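# build me a structure from this.
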Amino acid sequence: MAQDSEDLVSDYQFWLQKLSVWEQASSKETQQDTCLYLSRFQEFLRRMYEILKEMDSDAILERFPTVGQLLAKTCWNPLILAHDESQKILIWCLCCLMNKVPRTPGESELNSWIRGLLSYVLSAFRFDMKEVGLFTKSLGFEPIDYYPSLLKNMVLSLVSELRESHLNGLNTQSRKKIILSTSSVVSLWFRHFPSLEKATLHLFEKLFSSKRNCLRGMECCIKESLLPQAACHPAIFRIVDEMFRSVLLETDGAPEVLAALQVFTLCLAEALEKENKQLKFALKTYFPYGAPSLTAALSQHPEAIPQGHRLQPLLHISQLLREAIEDSTHGSQRGPFESWFLFVHFGGWVDLAMEQLLRKEAEPPAGLLWLLVFYYSPQDGSQQRERSMVALKELLNRLLMLLGSGPLSAVDLQEAAESPSPPICAQLVRCLLLSLLLWTPEGHASAREAITRMVHTDAAAHEIVGFLDQTLFRSDHLCDEASRKLARELLQELQAQV
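All right, here's what the predicted structure looks like:
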């Protein structure tokens, strides 16, 4: 450490002089010089922090008597502060100078001065008061109340955490979390979008890092993240939604990502209901690429529709989706994908469509067949989709005939599921079979044997576990108590195997 300290002293005067030059001139050449040296200066700040965090404030001022001057000049340089990494390291260094328990008026005065610098770094750099007023008003704050509470929470938490070795690499059991009020966190995300992106990525890590996260667990993680509350404002929702879109594309529509997006949408709807009786913003501001009529239809609560009145809204949604896709610009993939991406936010409609198709007293409506084929195979063209609809109808008719011809045989069900021609999406076939086994009384007796035959790979097992978990998550409006009990038992048995 002594050698590091000596090396730092040799660079110290160079950077203090550089900062003075940058401070005195705002010419294009000065700006270019600042940008040229920025990465080296960040490295210097990081090395300084590594030294400062090992010293108490008295020793710091004795060793580096002008360190406050250097950090202040850094705070007032907009080109340095414009870089998130610089802001972060600068805050660390400033917190090292603070006395946790000031003993003299001089130490109290130093703490007050440092808080002023932190206030500038954390708040004043990004916005002037007029701009602050625009977004604090939408959150129900007055600007005069926003800065003091935000700063007080952040500074006290940062100082406490830094002093408890949170940032020095020690793994202590006593290190405390930074705790901010919900309003302060949301306000920070409005002011600094990179912190919002980091919070969303952290949520994704929690949701997708484990083998299988149940939907109730996902719901708990999502609510604890505060992101649904923040996403009530369209500006934040759009950022989080774009990140979901990217993960969906990168994972080729992985079921766990779809499930997380749908749970997040449910949590957002709940937060909106708690926050206001009616939307402050039009639905178009949340989903700008979807047709307003389609967005309005999808945003209804499907579970609130009485059992005998569910077919009509489903057919209406199917028609609107089909029109949106067929009317999209020739050769453009934006229309179909955007329509699908909007649709998958509201997965409850897919469950209702499956339920309606399994009603034995009705001919399968073409609109519901189209809806399911589109949901599970959005990449198909119109001709392939039509062929899949024909095959799905044939499969459905075979399954319904088996239902009406006495006790169900697991072997017969398997043979029926393997015979669609042309082949249709395997995931759609499995979901149709599982729905029949769980949601119809006739299917309960052969459910265990049929599912055992379907679990031939780890991927299939995880998919079935996901379906059972989803059934229980949405069971209030999907199935009766007998179906829920069977789903719970099967889920426990399968989870013990995978």
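# what is the neighbour count of residue 101?
Residues lying near residue 101 (other Cβ atoms under 10 Å) number 5. From N, CA and C alone the C-beta is placed, and that goes for glycine too.
# ugh, wrong one, residue 20
Around residue 20 there are 12 residues (other Cβ under 10 Å).
# which helix or strand contains it?
helix 2-24 (DSSP states H and E).
# can you list contacts of the helix or strand following that helix?
Sequence order places helix 28-52 as the next helix or strand after helix 2-24, per DSSP H and E. For helix 28-52, contacts defined as Cβ atoms under 8 Å, 6 or more residues apart in numbering pick out 1, 4-5, 7-8, 11, 15, 18, 21-22, 60, 67, 74, 77, 79-80, 83, 85-86, 89-90, 92-93, 96-97.
# weed out the non-buried ones from the residues you listed.
5, 8, 15, 18, 22, 60, 67, 74, 77, 79-80, 86, 89-90, 92-93, 96-97 (16 or more other Cβ atoms under 10 Å).
# which ones among these map onto helices?
Members of these lying in helices (criterion: DSSP state H): 5, 8, 15, 18, 22, 60, 67, 74, 79-80, 86, 89-90, 92-93, 96-97.
# quick one: residue 96 from residue 75, how far?
15 Å (Cβ to Cβ, to the nearest Å).
# over to residue 183?
26 Å.
# same check on residue 85?
From residue 85 to residue 75 the distance is 15 Å (Cβ to Cβ).
# give me the phi and psi for residue 310.
When quoted as degrees, to the nearest 10, the phi and psi of residue 310 stand at phi -90, psi -20.
# low-confidence stretches in the stretch 301-450 of the chain?
Along the stretch 301-450 of the chain, segments meeting pLDDT under 70 span 327-335, 360-362, 419-421.
# could I get the full set of helices for it?
311-326, 334-344, 348-357, 366-376, 382-403, 410-417, 426-439, 441-444, 447-454 (DSSP state H, counting those that start in this stretch).
# the fourth one packs against which elements?
With contacts defined as 3 or more Cβ pairs under 8 Å, 6 or more residues apart in numbering; DSSP states H and E, helix 366-376 has these neighbours: helix 311-326, helix 334-344, helix 348-357, helix 382-403, helix 426-439.
# hmm, who's touching that helix?
For helix 366-376, contacts defined as Cβ under 8 Å, 6+ apart pick out 311, 314-315, 317-319, 321-322, 325, 340, 343-344, 349-350, 353-354, 356-357, 380, 385, 388-389, 392-393, 396, 424-425, 427-428, 431.
# tell me how far that helix lies from the chain's centre.
On the basis of Cα atoms, centre = their mean, to the nearest Å, helix 366-376 is displaced by 27 Å from the centre of the chain it belongs to.
# could you check how far residue 235 is from residue 320?
Residue 235 is 27 Å from residue 320, by Cβ to Cβ.
# which of the two has more neighbours?
residue 320 (20 against 16).
# my guess is that one contacts residue 296, does it?
No: Residue 320 is not in contact with residue 296 according to Cβ atoms under 8 Å; the separation is 9.5 Å.
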